[in-house]
Every structure is written in C-alpha cells, then in structure tokens.
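Engineer: Sequence first, predicted coordinates after that:
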Amino acid sequence: MTTNKNTSKDFTRRDFIKGSASGLGLGALATMGIFSYSEKRKKFLPAIERKQHDFGVCKRVKITNISETSWFDNAVLMGDIRNAGGLLVNQYDYNWPPFGNGQGLAKGSYADGIKTFRHLLPNKLEEAWEIVYEKSVNPDNAGGFAALIEMEDMDGQIHKYLLDSGWSFKWMEACFRREGIDNMLANHEIEKFFISHSHFDHFWGLPVTYKYDPTIATYIPEGFYPEDKQYIADCGFRGELTEVKAGLREIAPGFVVCSFGVPIICRVFGELSLYFNVKDIGLVCVSGCCHEGIIQLADTAFRELKYDKDQMHGIYGGLHISPFEDWDPKYDDMVIAMRDWGFEKIGCNHCTGIITAKKFIARGYNVIKGTARFGSKDEAYLGNGDIIEFKA
Amino acid sequence: MIIMGNEQHLFVEKRRLAKRWKGPIPVIVNTLFIMLLFYVTWWIFQDPRGLMRLYTPFKGYMVCRWLLIMFIWVVYIFNYWPFRHSWLNRTHPLIKGSILTLFSVGLMLLVIQGFFVNILGKFGIAYFNPERLMDLGITEFYAEEYSFEAIMMFAAIASWLSPAWVVACESSPWQQLKQPARGTTIVLVTFFLSMVIYFITMHSHMGILYYPWQEFTAITPPYWEKFANTVSGNFHIAWIMSATVVVWIYETIWEKYPFDLIKQDWLRRLASFAGIFVIAVAIAFFLYFAQELAWGQAVRGTKRLMAPDWRWLHVGEMAIFWLVPSLFLYFYLDNWPRKYSRPVNVVIRTVVTIIAAALLYIAYYKTSHLFLGTQEGYSHPQQFPMIPMIWLINVMLINYWFMDGWPGWKLIPAKEAESAIEPSVEKEINWNPRFIGGLVAGVTLAVILYFAFLKFLPKWCDIFTIIKSNV
C-alpha cells in the first residue's frame, strides 16, 4: 500500500519485491523453456545401469501354438465391447461365456455367472458349456490363447510348460486334444502352468487345464482381482499357486519369468512374460499378450539380464499391438523401434494383429510365416498348430 | 474480463456476487455441491459402470471437451446472447443453470453431429464420419473412436484459441461490434484458425492411423518425429493443452500480468497471445523433463509410462491438474491473496495452486480408480485423467458462470453491487526502472531453484512413490 508517508527506503524495498516476484516468474519460465528440452538436460538423467543378472542357459526352446484365435469375429467382439460401454468395463460384466447369467450384455458378474456351472468344474465341461451357451452373450465367438513351451536344458532333458488356458471350454478341449496337451497334462508331463494375465481369452478356459491336471504348479502375475483368484479355486485347483511379485523370478536354468504391474483393458491388472537364454543365440522372449509392450519386455531384459552374445534373438507370442486390427500412431513407434533391438526371429500371432505383422514384414523384419490352419486367418504370422523353434 | 478499447464488460465481469453466509460456509457448501454434481453426472454420463458409459474413452473425451468450448462460446464470446442480461439477473440460478447448460449441450450436438460428422465427414474428410469408416471395413467401435478422436483433437485446439482470442487479443478487431455479430465473427475466425492448426498438428496423426499410411493426403511420417521422438500427435497435445491452461491461468490467477503492463493496444494483444504460446511451450518442455527425472529417459516403442507419446500426453494431463485448483481459487476463494502488489499476489497464487495441483495429482492416482470406474495405474491405454478433470471444470463453470455460484453465492442487484465493489489494493502497477535490481535477483533465484529442483526431484521420487510399478 503506498501512502505519502512512505520513505524512499520503503519505496526501494517495495520496488525490489515487485521486481523480484516478476523476475522469479520470468526466470523460471525462461529456464524451463530454454533448458528443459535441450541436449544438456540429459546430463541430469541417470545413466542406464545394466545389472546383467546371470540366470543360466538352455539348449533350445520349441513352442507349439495350441491356439492363437482368441475370438473368431472381431466385429462381434468389438460390438459387444462398444455396446457394453467400452474398453474400461469390467470383463465379468460383459456377460460373455462362461459367466453368462442370461440377463444380456453388460449385466453380468462373476458371482452370478459362476453359480450356474461351478458344481460341474472341472470334469463335466461339456455339460457346463451347454449351460454357459444358453446364458451367455455370443458364446460361439469364444476361442482362446494357449501355447506349449518345450525347453531342452543343457543336459538334454526336455521340460514342458503350458502358457495360458484359452477361453471357450469347447474350443480349448478340441485344441488340447489336437496337440495332445490333454494327455501330457494327465501324465504330468507338463511341469508348470503360467497364466500370463487374467483376460477372458487367456484365463477363462482354466477348467480345461485343471480337468486333466488339477495339481499342476501354477504361476500368476501380481494384480489378480479377488474374483480371478476365486475362479482358480472354483475350478478345482489343488496344487501350489505362486503369485509372482512385480519383477523377475527364476524358474529353471536359462528360464526366468517377469511380472509387469500394468493396468490392462477390461479391468485387468498385471502380466507375466517369459525369458529364455538359449546357448549361442541369445535371448528369447515369450509372451501371452505382452500388454507391457514388446519394447518394454526387451528393455527390461536389457537392463536386468545377462544373455548369450548380448543378442536379442527371438520373440514368440501375442505382442499386443493391434489386437482388434485397430491402430494408433504410437504403434508405429513400436514397429519402427523394433529394428533397434535386433531381433533375429519373430514368431508372432494373436493380439499382435495382422496389420502389425504386415508392417513388420514391410520393414524387412524376419517374421516367421504360418500355415493359416485350424481357424487362423492369415499366413502373415504363426497360426494354430504351427511350431517355432529357437536353437543354435 | 474487460474488452479493452470500448470499456465494454462481459456480463460475468459486470455482475457482483455476494456470499450467502459468513466465513468458510459458502466455500464448503459449494465444494460439496460441485462434488455431488460431478459424481452424479459422472455416473450418468461417463462412468464405465454407469448409465450412458460415454467413457469409451473417446466419446466421453470428445463430449467433455466440446462442452467446455460451448461454455466458453456462450459466456466469453457471445456474452450470453441470445439470452438477455435482464433475464440472467432475475432468473433463479437453478433454472438459469439448467437452461444455459441444455442450450450448450444442444449447440455441442449441432457442432459435433451437424458440422463434423454430417458435413465435414460426409463431404470432406472421411475420418470424421464413423459410418464412412465402417463402410471402409473398420469395426463400429473403432470407427466411432477414431472419428471422435479427430473431433476431440479439434476441440483441444479450439479450447486454446477461442478463449485466447478474447483474453489475449481482447476480441480485436471486432470488439466494437454488437452481439451476435461479434460472437459469430470470433467463432468463425477461431474456428478457421483451429482448422489450420489442426491440419498442421493433428492431420498427420490421423493420416498414419489408417493402414497403409495415407501418404498422399498427409505428411508421413509426421515432421515432428525426430524432435519429439514419436510419430504420435500427442506431442502437440502437450503444448496445446498447456496453452489451454495458460490462457486461463493468465486470465484468472495472474490477472493478465505482466502483459497488461504494455500500454500500446496492438503490442499488448500480440505479446499476450504469443506469450501464452511461449509460456505453454516452456511448461510443456519442463513437464516432459520432470517425467524423465522421475521415471528415466523415455524409450521409443514402449507402450506406457516409458513411452515418449504417453509422456507428451501426460504433460497435458499434468497441466490440467493445475487448472482445477487455479479456477477454484479464482471462483470460490476470491482469488486469494489480494492484499499485496500484483506481482507478489501472482507468485503466491502460482505457488499455492501448483502445490494444490500436486496434491490433487497424488490424490487422483491414489484413489480415483476406487470411485470413477477407471483402473489403478498411470498409463492405462484407455485412461485419460483429462476426462474427469475437464468434467470437473465443466461442473465448476456451470456453477460459477451459469448459476452465479449458487448455493454459496448470490447475484446482487446493480445498485448494491456498485457500493459493494472494493477498491483493489495496488491493482495497478507500472513498469519502473527501480524494479531492475529485484528483477535480476528474482531471475537469479529462479535459475538456482530450477537447478535445485532438477537435483532433488529424482530423490523425492525415490522416497515418495505414488504407484509402485515396474513399467
């Protein structure tokens, strides 16, 4: 407040404060604008520290695509998602099989759905599917994702692992029979079962696995919701369940899993991906859907793991780029950036999207083509029943 | 807001509001009222568990952004035309608020459906029309999402340019025109400019959204690829959203300081408009850098927290978090403080609102998934904090612009208002060479604080983690 009684000293103090306040804003904005996106800013960023964790080595990895066709008609699936309110709607609300309650789209819940067929799990799946079929929205559209991984250790012993259990009981039973997974499970040939994440097309076919081996050691990522865990129990599981906390966990020499704490569409959280160090060729990344992103998967390995030749050799799985044959320019960033990571062999399918596979091929990446059998639609990527092998 | 040149006030500037009760009761009551209105309308329109579930997300995103622009058009550009000011003075806030909101919604539907979908989308650019995209083989869900994304992006630009023309350019050169000529002219001019900037900043984003890249109709890859480390138009969203926020920061808590010190009309208007842009770019760069300090350098091709495109988007999201407490301070806390000189008031308000924005940011990421129907985590691909934040801002604007701050405040008659106007303390400030010493000291302090912030931010982030994530 200025008055006639102000002294010249008072004026100086006030002027100084006014000037200082203005200078503070001017200086802050100018520095922010000039320095914050300059090359010099990088001096303030921590250098990338590679931990080079040695997790051993294996001789080879072979992967059989049991099923990559999670759903058969994209338009039907996206129509359901659209009409239910979009991609943030809880997956148990859609009223998709097996959790249909007969109330129609977007009016479902885990509790309502499971009570109609819980008593039939895990053995009477045909009967359960008949009930589910009547009460669910678009049951014929359900397929599923699952893969058999065979890892040969340095002693020549083969270790079998199952990645995911698909969606439709009916479809997955047929796929398991086609590839002999049912017998492998019943004979306890498959040592461990990894559920990549709790999405309907990877997880809801769970009873099909537990029907043949309800005691198989099962791994899930951190982030499963209570109803997800309840489903595991309701499916008659009697084995050891391991919830992998965010980060790495060794499974066998040359084999680690990594749990990524990622929020995922349809109210799912967390994903488990797999790394193998194959002797003389390098790292092989295997994913169910790779919601964390393939570059994130590679970057995590680069920062954390030691692998042969320091080479990113191969990928298998759904890479979750254009799962609904949708697109976004940020996916182009991924396609473009893939070259920097030097992958030598790309076995992709499922949520990678056919558009993405075609963009990979157009950029000259070594995408292993498929045979488009058993419901798979395009030879651009590995289809149902196709096999990929990573070995020196 | 004063329309310089002819001293014509907007209605929101001329009106005087008085608290209905003494003390903090009006603020508390209005805060509760706003929160209730926000949550009820969120549940009805946006919530993925609610009734209409517009949060697909782009449908809801488009709606909340265009609604914001309609409010700005009604209040700032058309000065409430065709509604008479006498009607505004005598009508109950609830009735007035409902009518003006419905009027804005009607306008919004006209712009979205009438102009973008049915004119531009049918006769100009296919991607504005979902049906055309469906005819080209895209599923209904993505046809709508892509179209609404494009319409929403246009809104992002308009939400910067429309108010900037009034706030910074003082409606020049049409400030002497009567309504609706003035409003119509400004809408058409800012709409045209938005269109030009849309083509420069967003059209290439839409051009590479379709397979194969639409290289004959858009610049592919976009020209910003190397500079921004992404082909995504989110790079532009960063500075455009920052500009949208800065317009309102400049108009409200900064009281147009410092550009209103410029006495020459054309220079003041030009400096204000350009200054808002420059400040926005500075803020955008800084907020991007802050993320690098907190989470490490972005890795191109990653999908979420570590991706450059998401980081640019998050710049705009962080900026919006600042706008909410700034408007709250201006609307409901009488733009506190007012007792010091304007530069000092501005600095205090800026610091206070930045701290409040940081707290709001933390509260949002810690708790919003518990009540908004969204998911925990920073970078869900379908999650945009701008939607609930802009929805909240819209609710505040309805309450303050359309309802005179009811129930905590009331409109007081013109005669009472004249006597109720309090002289502002040291409102006017003129440039004085005696400021130079302080100015130098202030700039020096700012540089020291900036580099101290760079040094300590990573340490703070190590100590205080909002959401634990390895992605």
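Structural biologist: Cool, got the structure.
Engineer: C-alpha from now on. contacts and neighbour counts both.
Structural biologist: Will do.
Engineer: Hmm, B:M108 is touching B:C64, no?
Structural biologist: No: in this structure B:M108 lies outside contact range of B:C64 using CA atoms under 8 Å: 9.8 Å.
Engineer: Centre of the chain to stretch B:157-176, how far?
Structural biologist: Here the centre of stretch B:157-176 is set off from its chain's centre by 15 Å, with CA atoms, centre = their mean, to the nearest Å.
Engineer: Now do the end-to-end distance for it.
Structural biologist: Start and end residues of stretch B:157-176 are separated by 26 Å (CA to CA, to the nearest Å).
Engineer: So for it, mean pLDDT?
Structural biologist: When the per-residue pLDDT values of stretch B:157-176 are averaged, the result is 96.
Engineer: Could you list the buried residues of it?
Structural biologist: Of the residues in stretch B:157-176, those scored as buried under the neighbour-count criterion (16 or more other CA atoms under 10 Å in any protein chain shown) are B:157-172, B:175-176.
Engineer: Residues touching it, excluding its own?
Structural biologist: Identification of contacts with stretch B:157-176 by CA atoms under 8 Å, 6 or more residues apart in numbering or on different chains yields B:1-6, B:65, B:68-69, B:72-73, B:76-77, B:182, B:185-187, B:190-191, B:193-194, B:197-198, B:240-241, B:243-245, B:247, B:251, B:269-270, B:272-273.
Engineer: Repeat the analysis, applying 6 Å as the threshold.
Structural biologist: Stretch B:157-176 has contacts (CA atoms under 6 Å, 6 or more residues apart in numbering or on different chains) with B:3, B:69, B:182, B:190, B:194, B:243-244, B:247, B:269, B:272-273.
Engineer: do the same with stretch B:268-286
Structural biologist: With CA under 6 Å, 6+ apart as the test, stretch B:268-286 has contacts from A:32-33, A:36-37, B:168-169, B:238-239, B:242-243, B:259, B:262, B:315.
Engineer: Any chance of a ChimeraX selection covering the buried ones in those?
Structural biologist: Buried members of those, identified by 16+ other CA under 10 Å, are gathered into one ChimeraX selection as follows:
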select /A:32,33,36,37 /B:168,169,238,239,242,243,259,262,315
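Engineer: Which one of B:M108 and B:C64 is surrounded by more residues?
Structural biologist: Between B:M108 and B:C64, counted using other CA atoms under 10 Å in any protein chain shown, B:C64 has the larger neighbour count: 26 against 21.
Engineer: Residue 361 is in what secondary structure piece?
Structural biologist: All of this refers to chain A. Counting by DSSP states H and E, the element that carries A:I361 is helix A:354-362.
Engineer: Sorry, I should have been clearer: chain B.
Structural biologist: helix B:342-367.
Engineer: buried residues in that helix?
Structural biologist: The neighbour-count criterion (16+ other CA under 10 Å) identifies B:342-350, B:352-354, B:356-358, B:360-361, B:364-365 as the buried residues of helix B:342-367.
Engineer: pLDDT on that helix, on average?
Structural biologist: Averaging the model's pLDDT scores along helix B:342-367 yields 97.
Engineer: Over to stretch B:100-118?
Structural biologist: For stretch B:100-118, mean pLDDT rounds to 98.
Engineer: re earlier: need the residues that contact the helix or strand that comes right after the helix holding B:Y361.
Structural biologist: Sequence order places helix B:386-397 as the next helix or strand after helix B:342-367, per DSSP H and E. With CA under 6 Å, 6+ apart as the test, helix B:386-397 has contacts from B:38, B:61, B:64, B:68, B:317.
Engineer: which one of those is nearest chain A?
Structural biologist: Compare each of the contacts of helix B:386-397 with chain A using CA to the nearest CA and the shortest gap goes to B:Y61, at 12.5 Å.
Engineer: Just list the residues touching that closest one, thanks.
Structural biologist: Neighbours of B:Y61 in contact, by CA under 6 Å, 6+ apart: B:I387.
Engineer: Kindly recompute the last result at 10 Å.
Structural biologist: When the contact criterion is CA atoms under 10 Å, 6 or more residues apart in numbering or on different chains, the partners of B:Y61 are B:46, B:54-55, B:148-149, B:151-153, B:155, B:384-388, B:390-391.
Engineer: cool, B:T217 as well?
Structural biologist: With contacts defined as CA under 10 Å, 6+ apart, the neighbours of B:T217 are B:203-204, B:207.
Engineer: Span of stretch A:259-269 from start to end?
Structural biologist: As for stretch A:259-269, its first-to-last residue distance stands at 11 Å under the measure CA to CA.
Engineer: Now do it: distance to the chain's middle.
Structural biologist: Relative to where its chain is centred, stretch A:259-269 has its mean C-alpha point 8 Å off (CA atoms, centre = their mean).
Engineer: can you tell me if that stretch touches chain B.
Structural biologist: Yes: applying CA under 10 Å from any CA of the partner chain, one finds stretch A:259-269 touching chain B at A:259-269.
Engineer: Max pairwise distance over those residues: which two?
Structural biologist: Within the residues of stretch A:259-269 next to chain B, two members stand farthest from each other by CA to CA: A:S259 and A:C266, at 18.9 Å.
Engineer: So those two - more neighbours on which side?
Structural biologist: With other CA under 10 Å as the criterion, A:S259 and A:C266 differ in neighbour count, and A:S259 comes out ahead with 26 against 22.
Engineer: How about the residues of the stretch 1-150 of chain B by chain A?
Structural biologist: Residues of the stretch 1-150 of chain B lying near chain A by CA under 10 Å from any CA: B:46-59, B:137-146.
Engineer: low-confidence ranges in the chain?
Structural biologist: Reading this off chain A. Counting by pLDDT under 70, chain A contains low-confidence ranges at A:1-11.
Engineer: Can you look at chain B instead?
Structural biologist: For chain B (pLDDT under 70), the answer is B:1-8, B:414-428, B:469-471.
Engineer: re the thing from before, of the buried residues of helix B:342-367, which are in range of chain A?
Structural biologist: B:342-348, B:350.
Engineer: now the residues of the stretch 1-150 of chain B next to chain A: which count as buried?
Structural biologist: Burial by neighbour count, 16+ other CA under 10 Å: within the residues of the stretch 1-150 of chain B next to chain A this picks out B:46-50, B:52-59, B:138-146.
Engineer: Looking at these, which are in strands?
Structural biologist: For those, membership in strands holds for none, with DSSP state E as the criterion.
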